[in-house]
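Have a look at this fold, sequence not included:
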Ligand code: SF4
Ligand code: SF4
């Protein structure tokens, strides 16, 4: 089983396809949509797919065949630990709970896998410790 | 009185002083009671590390040849005060660089100085008979200047409000990023580790109290601005911003780790300063107050969505709730962000404890108590 996040880009020709339905019915994948900005002319969606390796590979291949661009989202958010002062300003502004206060060390932990690259934490951090890989 | 300052310092010299942090002492007092704990413990150390906007530093640059009376001064593009004697200045934490891009201000200049970096000084003057020169552009550093000391008119706030936002847009405030529709809540006190919450009526902290300041040594120089004894108390500590300290200390000897320039988006620049105050256990009552825990310290949740000097109070929460990551207030659940670093606060209390245990830091007797009363006026 793998659980990974992907960024999908639609064009006006495939924006009407129901991606979630296809993933569930055709590939037995559990999709979880984190963010979707879509209108009649296309758009983008951030979703995670939970399923077996082969199913996810097959699903990606299928989506690409109908001209939906699929990009694995990994390490989109980065934190410079030399700048971070563990103030925690970022914690409550993250929609996916990527930051967490370690109750033993009081360190602010960042789980980069949870990041959906929304940018909300950037303007919360007073030390410019957080950077995001730019959206292409 | 169980022991005197002199007795404590004597024990420090003999490396026999028993020192605990304000966190460690909580369990001890729970187990043994304040009387018994007070007999065992000589000093309790506290700590806090967060944005302290009312901070800055005095610098004397030394005279150039021929000399210049500086009236317009910038340090790395950040304006410093030009209304003191010829080569004296004060640089404030919230003064922002004039160049575009932003994100750099007086707090960062002070951090860079402490880090030993070279700072770009540009200064102009009118040119007088005694100061003939009219301008200078040069590099200075902590090694080249005469004096450089931090003087912060208001630090170490005794408690502070919790901020949330009822409005429909995101607010970028000095209390951090506040999401719309009560989307989150932010708080800034170190709670059970915070210096002034452990000696709430300032029985031991006064003018001349020696402290941990920015990684070096500093002193309480006066009451802080907006010193206020009016807020209501619960469990013997105020539930809102109240007493404050004015602090002074040499930039030389400070550590960049505990002196950090901040850029609070949408608000401006500031400075995070590490402050740790030792509390001598002179009586069981002082011990009891040092043992206060986050469960017993409360703060009021204020609505920063309403732009007014007196913001609506939405409720009251404890620091234990705040630190859990979410609070319940007015029928809503809100996620929380601390703003000040508890990790650093703890590190500061531990460092100060180490200094005292190793005879690197002796306590001072205050030369004057801070006021027993104070209130804050508004501006009409
Ligand atoms: S960009 Fe920041 S706030 Fe947004 S999901 Fe990633 S970590 Fe969370
Ligand atoms: S807001 Fe920035 S400095 Fe503060 S804990 Fe988060 S990453 Fe670290």
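Cool, got the structure. Quantities reported herein were computed from a predicted structural model and do not represent experimental measurements. Ligands and ions are numbered 1, 2, ... in the order given.

Give me the neighbour count for residue B:336.
Neighbours of residue B:336 under the rule other C-beta atoms under 10 Å in any protein chain shown: 23. Heads up, the C-betas are built off the backbone N, CA and C, glycines and all.

That one touches residue A:99, doesn't it?
No - contact criterion C-beta atoms under 8 Å: residue B:336 and residue A:99 do not qualify, at 11.8 Å.

Quick check: neighbours shared by the two?
Counting by C-beta atoms under 8 Å, 6 or more residues apart in numbering or on different chains, the residues touching both residue B:336 and residue A:99 are residue A:91.

Show me which residues of the stretch 251-380 of chain B are close to ligand 1?
Within the stretch 251-380 of chain B, no position is adjacent to ligand 1 by C-beta under 6 Å from any ligand atom.

Okay, strands next: where are they in the stretch 251-380 of chain B?
For the stretch 251-380 of chain B, the strands defined by DSSP state E, counting those that start in this stretch cover B:259-264, B:268-276, B:278-280, B:298-303, B:313-318, B:326-329, B:332-337, B:368-369.

buried stuff in stretch A:37-52?
For stretch A:37-52, the neighbour count (16 or more other C-beta atoms under 10 Å in any protein chain shown) marks A:45-49, A:51 as buried.

From these, pick the one nearest ligand 1.
Proximity of the buried residues of stretch A:37-52 to ligand 1 (C-beta to the nearest ligand atom) peaks at residue A:46, which lies at 9.3 Å.

Confirm that closest one sits in a strand?
Yes - under DSSP: H, G, I helix; E, B strand; the rest coil, residue A:46 falls within a strand.

give me the low-pLDDT residue ranges for the stretch 101-250 of chain B?
B:101 (pLDDT under 70).

All the helices of the chain, residue numbers only.
With no chain named, the answer covers chain A. A:19-27, A:53-65 (DSSP state H).

not quite, I wanted chain B
Taking DSSP H as the criterion, chain B contains helices spanning B:5-13, B:24-40, B:106-114, B:195-198, B:284-290, B:319-324, B:342-357.

got TSV for those, with distance to residue A:19 too?
Shown next, in TSV, are those (distance: least, C-beta to C-beta, whole Å):
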stretch	distance to residue A:19
helix B:5-13	69
helix B:24-40	53
helix B:106-114	46
helix B:195-198	53
helix B:284-290	59
helix B:319-324	37
helix B:342-357	42
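
which one of those lies closest to ligand 2?
Taking C-beta to the nearest ligand atom, helix B:342-357 is the member of these nearest to ligand 2, at 9.2 Å.

Quick check: mean pLDDT of that closest one?
Mean pLDDT, helix B:342-357: 98.

close to ligand 2, is that helix?
No - applying C-beta under 6 Å from any ligand atom, one finds helix B:342-357 separated from ligand 2 by no less than 9.2 Å.

Can you name the residues that contact residue 102?
Went with chain A since none was named. Going by C-beta under 8 Å, 6+ apart, residue A:102 touches A:108-109.

That was the other one, I meant chain B.
Taking C-beta under 8 Å, 6+ apart as the test, what residue B:102 contacts is B:96, B:263.

cool, and residue A:98?
Shown in contact with residue A:98 (C-beta under 8 Å, 6+ apart): A:77, A:110-112, A:114-115, A:121.

Could you do residue B:360 as well?
Contacts of residue B:360 (C-beta under 8 Å, 6+ apart): residue B:354.

Against ligand 1, how distant is the residue sitting furthest away from the middle of chain A?
Largest separation from the mean C-alpha position in chain A: residue A:104, at 28.3 Å (C-alpha atoms, centre = their mean). To ligand 1, residue A:104 is 22 Å away according to C-beta to the nearest ligand atom, to the nearest Å.

same thing with residue B:308?
30 Å.

Phi, psi for that residue please.
The phi/psi pair for residue B:308 (degrees, to the nearest 10) reads phi -150, psi 160.

Could you give the number of residues near it?
Using other C-beta under 10 Å, residue B:308 has 8 other residues around it.

Likewise for residue B:34?
For residue B:34, using other C-beta under 10 Å, the count is 21.

Any residues of chain A in contact with ligand 2? List them.
Counting by C-beta under 6 Å from any ligand atom, chain A sits next to ligand 2 at A:79, A:84-90, A:108, A:124-125, A:127, A:129-130.

Save the residues you listed as JSON lines, and put in neighbour count and pLDDT too.
As requested, those are exported to JSON lines (neighbours: other C-beta atoms under 10 Å in any protein chain shown; pLDDT from 0 to 100):
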{"residue": "A:79", "neighbour count": "18", "pLDDT": "96"}
{"residue": "A:84", "neighbour count": "18", "pLDDT": "97"}
{"residue": "A:85", "neighbour count": "23", "pLDDT": "98"}
{"residue": "A:86", "neighbour count": "22", "pLDDT": "98"}
{"residue": "A:87", "neighbour count": "29", "pLDDT": "97"}
{"residue": "A:88", "neighbour count": "27", "pLDDT": "97"}
{"residue": "A:89", "neighbour count": "30", "pLDDT": "97"}
{"residue": "A:90", "neighbour count": "26", "pLDDT": "98"}
{"residue": "A:108", "neighbour count": "24", "pLDDT": "97"}
{"residue": "A:124", "neighbour count": "27", "pLDDT": "97"}
{"residue": "A:125", "neighbour count": "24", "pLDDT": "97"}
{"residue": "A:127", "neighbour count": "18", "pLDDT": "97"}
{"residue": "A:129", "neighbour count": "21", "pLDDT": "97"}
{"residue": "A:130", "neighbour count": "21", "pLDDT": "97"}
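
want to try TSV for those, with distance to residue B:315 as columns?
Converted to TSV, those look like this (distance: C-beta to C-beta, whole Å):
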residue	distance to residue B:315
A:79	33
A:84	31
A:85	29
A:86	27
A:87	24
A:88	21
A:89	22
A:90	24
A:108	26
A:124	23
A:125	28
A:127	31
A:129	32
A:130	31
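
From those, list the ones also adjacent to ligand 1.
Of the residues of chain A next to ligand 2, not one also sits near ligand 1 (C-beta under 6 Å from any ligand atom).

returning to that earlier point: please identify the one among the helices of chain B that comes closest to chain A.
Taking C-beta to the nearest C-beta, helix B:342-357 is the member of the helices of chain B nearest to chain A, at 3.8 Å.

Could you identify the buried members of the contacts of residue A:98?
A:77, A:110, A:114-115, A:121.
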